[in-house]
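# after the sequence you'll find the predicted model.
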Amino acid sequence: MLDLTRGADLWRRASSVLAGGVDSPVRAGKPVGGPVMVREASGAYVIDADGRRLVDYLMAYGPLLLGHAHPALTRDLDRAAARGTLYGCTHEEEVRLAERLRGHMPSLERIRFTNSGTESVMSAIRVARAFTGRDAVLRFAGNYHGHFDQALLDAGASANAAGAGPSGIPAGVARDTIVCRYNDLDHVDEALRAHGARLAAIMVEPVVGNMGLVHPLPGFLEGLRRRTERVGALLIFDEVITGFRLGLGGAQARCGVMPDLTTLGKVLGGGYPLAAFGGRAEVMAVLAPEGSVFQGGTLSGNPFCVEIAHRLLDVLEGDSGLLPRMRALGERLAEGLRSALRACDLRYPVVHDESIVDFMFRCSDRPHRNYDEAKQGDAAAYAAFYQEMLAEGVLLAPSQNEVMFLSAAHAEEDVDRTVLAARSALARMRERGVV
């Protein structure tokens, strides 16, 4: 019998000093029965406060493309810090990093660095409003763009904002936020007929990773591009998750749709706080000091985090087989989960894309296409699966809206262990009548 008292004691301490016991709500694990308190991590594994070694598919919600504590990102950090961790001035490596990013994503004609995806998306929206002279933004239910006011209404991930008043979001923000169904151009057209003249931007995850994994239907992203051009709005791609995970050119390189603005985060910093946004030069020119729009941050583009980003790009550019190997692992995991589901006579569809894998407990034999369908997922079944997998030594995200992220540190034996764990977990759930 495992002694889980250290984790429970730590949670009690956290609850007495941190608001809600956490610094981000999803970490409380309320939908799945409670939190996992982590002591340390390495490679594809975390070790919790009770000493359990868990195969990690949370990967900090996606940024750890290389896994925990990859040597390329952790070696000689004292030497990097010794050159100074914060200048308050522009520096050469910051410029070089922007040049490297633009080389992979040509849409990034001009770039600004920030510290988080939330900052990047918030700033991109401000730029879009200034450039167009309009106030409204159209976004999609189930797409998560950070924790600022306009991003939280009908957001995916674990946001679940209760509404403008109860969530502390002003009613005026809600009026300027138009929320449509993802993958539904008819719904977009309906919104444009009512609000097109005051629309500054359409903001979208080109491949969604925050209501489970959802792919755009053929023509959807192209349709958004045409519609923004028609009404004089900008198209913003939120590639905070997809940037680098779907290739060095992001989702935009794969789908062939070039947005006006792009936001990056998570993976870019390799586990350190670094993000960016950028786009067409004429659009980004509204930013001060060229234009009138203020955006800035003391820590933005700091040399320490920029050094980590360079190291990450060195690994990705220097090993052309890394992303294909991760894709193969994703395919192996997806097929293994399909086999485990079939063994229990369950028909939940497994979806995967590169190093992202997902399935949802919902009564359908096809993948969900929007947030309305995602909300049909059985939260109780997912909570039971989460706990069963945790008992088997596998850490999943504590929310059924999240996905499974693989890293370069995962190996075939980790995936095979996970598949066996899923087969056992689903069989026990089947016996109990949970699924």
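Sure, I can see it.
# for Gly34, what are its contacts?
The contact partners of Gly34, by CB atoms under 8 Å, 6 or more residues apart in numbering, come to Trp11, Ala28. Bear in mind the C-beta positions are built from the backbone N, C-alpha and C, glycine included.
# and the gap between it and Leu10?
Using CB to CB, to the nearest Å, we find Gly34 at a distance of 12 Å from Leu10.
# please apply the same query to Cys344.
Distance, Cys344 to Leu10, by CB to CB: 35 Å.
# do Gly271 as well
22 Å.
# which one of these two has more residues nearby?
Gly271 (23 against 18; other CB atoms under 10 Å).
# could you report the neighbour count for the residue lying closest to His145 once chain neighbours are set aside?
Among residues not flanking His145 along the chain, Ala151 sits closest, at 3.9 Å (CB to CB, 6 or more residues apart in numbering). By other CB under 10 Å, 26 other residues sit near Ala151.
# so who does Ala151 touch?
Residues near Ala151 by CB under 8 Å, 6+ apart: Thr118, Val121, Met122, Arg139, Tyr144, His145, Ala159.
# correct me, but the fourth one touches Ile178?
Yes - Arg139 lies in contact with Ile178 (CB atoms under 8 Å); the separation is 7.4 Å.
# so Arg139 sits in a strand?
Yes - Arg139: assigned to a strand according to DSSP: H, G, I helix; E, B strand; the rest coil.
# could you give the number of residues near it?
27.
# tell me the phi and psi of the closest residue to it other than its chain neighbours?
Spatial nearest neighbour of Arg139, chain neighbours left out: Met203 (4.6 Å); criterion: CB to CB, 6+ apart. Backbone torsions for Met203, taken as degrees, to the nearest 10, come to phi -110, psi 130.
# which residues touch Met203?
Contact analysis of Met203 by CB under 8 Å, 6+ apart lists Val121, Ala124, Ile125, Val137, Leu138, Arg139, Phe140, Asn143, His145, Ile236, Asp238.
# likewise Met389?
Met389 neighbours (CB under 8 Å, 6+ apart): Leu395, Leu396, Ala421, Ala422, Ala425.
# if I look at the nearest residue to the first one once chain neighbours are set aside, how far off is Ala421?
Once its chain neighbours are removed from consideration, Leu395 has its nearest residue in Leu54; the separation is 4.1 Å (CB to CB, 6+ apart). In this structure, Leu54 and Ala421 are separated by 11 Å, where distance is defined by CB to CB.
# joint contacts of these two?
Residues touching both Leu54 and Ala421 (CB under 8 Å, 6+ apart): Gly393, Val394.
# can you map out the helices along the stretch 101-250 of the chain?
Using DSSP state H, counting those that start in this stretch, the helices of the stretch 101-250 of the chain run over residues 117-132, 149-152, 171-175, 185-195, 220-231, 250-255.
# where among the ones you listed is the average confidence lowest?
If those are sorted by mean pLDDT, helix 149-152 sits at the bottom with a mean of 77.
# so for it, what gets flagged as buried?
Asp149, Gln150, Ala151, Leu152 (16 or more other CB atoms under 10 Å).
# what pLDDT does the model give Asp238?
In this model, Asp238 carries a pLDDT of 98.
# got the CA positions of the lowest-mean-pLDDT helix or strand in the chain in CSV?
Least confident helix or strand of the chain, by mean pLDDT, DSSP states H and E, is helix 149-152 with a mean of 77. Only the C-alpha atoms of helix 149-152 are listed here, as CSV (Å, rounded to 0.1, in the frame of the first residue of the first chain):
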residue,chain,number,x,y,z
ASP,A,149,-10.8,39.3,-20.1
GLN,A,150,-11.7,38.9,-23.8
ALA,A,151,-10.2,35.4,-24.0
LEU,A,152,-12.1,33.8,-21.2
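# can you give me the neighbour number for Arg432?
10.
# distance of the closest residue to it other than its chain neighbours from Leu217?
Using CB to CB, 6+ apart and skipping the chain neighbours, the partner closest in space to Arg432 is Ala384 (8.0 Å). Between Ala384 and Leu217 the computed distance is 31 Å (CB to CB).
# how about the strands in the stretch 201-350 of the chain?
234-238, 261-264, 275-279, 350-353 (DSSP state E, counting those that start in this stretch).
# rewinding a little: which of the contacts of Ala151 sits closest to Glu99?
If you rank the contacts of Ala151 by distance to Glu99 using CB to CB, Val121 comes first, at 23.0 Å.
# burial of that closest one, as a residue count?
Count around Val121 with other CB under 10 Å applied: 28.
# does it touch Asn143 like I think?
No - in this structure, Val121 is not within contact of Asn143 by CB under 8 Å, at 10.2 Å.
# please name the residues that touch Ala124.
Per CB under 8 Å, 6+ apart, neighbours of Ala124: Ala201, Met203, Ile236, Leu261, Thr262, Thr263, Phe277, Gly279.
# with distance to His310 added, can I get those residues in TSV?
Converted to TSV, the contacts of Ala124 look like this (distance: CB to CB, whole Å):
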residue	distance to His310
Ala201	31
Met203	29
Ile236	26
Leu261	24
Thr262	20
Thr263	20
Phe277	19
Gly279	22
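# which one among those residues gets closest to Gly297?
Among those, and counting by CB to CB, the member closest to Gly297 is Phe277, at 12.0 Å.
# separation between that closest one and Val231?
For Phe277, the distance to Val231 - CB to CB - is 22 Å.
# and for Arg126?
On the measure of CB to CB, Arg126 and Val231 end up 19 Å apart.
# straight-line length of stretch 40-57, end to end?
From its first residue to its last, stretch 40-57 covers 15 Å (CA to CA, to the nearest Å).
# go through that stretch and flag the buried ones.
Neighbour count says stretch 40-57 has 41, 43-46, 48-50, 52, 54-57 buried, by 16+ other CB under 10 Å.
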